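Visitor: just the structure for this:
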Amino acid sequence: MKPLLPALIGLAVLMAGCHKKAPVAAAPKAPDTTPVAAAPPPARTPAPAPAPPRVAPQPVAQTPRPTTIPPEVRAQLNTLLAKLDDALFDFDKSTIRPDASTVLKDDLAVIRDILAAYPNQKLVIQGYADERGSEEYNLALGDRRAQAVKDFLAMAGIPENQLTVISYGKDRPVCTDQTEACYQRNRRAHVTAAE
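Guide: As a prediction, the model looks like this:
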């Protein structure tokens, strides 16, 4: 029986090594009773301020511009315009010459001011001729002279729709002497306020 004993012991050892241990459940932990500092509340982003109520923009009150010129103001404007120099022309010509160009450039500020103050006002450019030549020819020549001045003023920025032309030909002369100096004064274009 002796040889059997070591075999049984070996078998017992072997079995003990193969035997699995049953897991032991961990004992439940006792609750921690240490006081915990309260966590600060989460930071809040401030709510945006309510937008002010939208107010429709109010139109800027403007003083209405007069649509027509009272007679006393028209008289003042015509007095002012009468002081402007006339554009003078060569005999039988309707081309703006250099001295007439200078005169018209000098007149521009006054004309602009009048039309800015009275946007519905029209100015009349009157064309004239000296007494030589027929009535019909001088009317056509006066018209061409007035049109040349209108074109000049329009090119300088004066609104064309506020300019009109009329020809008086050899009627309404500024002088009646039969001299070249007088003839020159009558070959002209003059700006005035429309009625």
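Visitor: please count neighbours and contacts with C-alpha atoms only from this point.
Guide: Fine.
Visitor: could you point out the helix or strand that follows the helix or strand bottoming out on mean pLDDT in the chain?
Guide: Least confident helix or strand, the chain: helix 4-18 with a mean of 55, by mean pLDDT, DSSP states H and E. Next in sequence after helix 4-18, counting helices and strands by DSSP states H and E, comes helix 71-82.
Visitor: which residues does that next one contact?
Guide: 110, 114, 191-193 (CA atoms under 8 Å, 6 or more residues apart in numbering).
Visitor: hmm, 7 Å instead?
Guide: If you take CA atoms under 7 Å, 6 or more residues apart in numbering as the criterion, helix 71-82 is touched by 191-193.
Visitor: top of the residues you listed by neighbour count?
Guide: With neighbours taken as other CA atoms under 10 Å, the top of the contacts of helix 71-82 is Val191, carrying 26 neighbours.
Visitor: distance of Leu153 from Pro71?
Guide: Leu153 sits 25 Å away from Pro71, going by CA to CA, to the nearest Å.
Visitor: which one's more surrounded, the two?
Guide: Leu153 (21 against 10).
Visitor: from the contact counts, what lies against the helix or strand that the more buried one is a member of?
Guide: Leu153 is part of helix 135-155 when elements are defined by DSSP H and E. Contact here means 3 or more CA pairs under 7 Å, 6 or more residues apart in numbering; DSSP states H and E; on that basis helix 135-155 packs against strand 123-128, strand 163-169.
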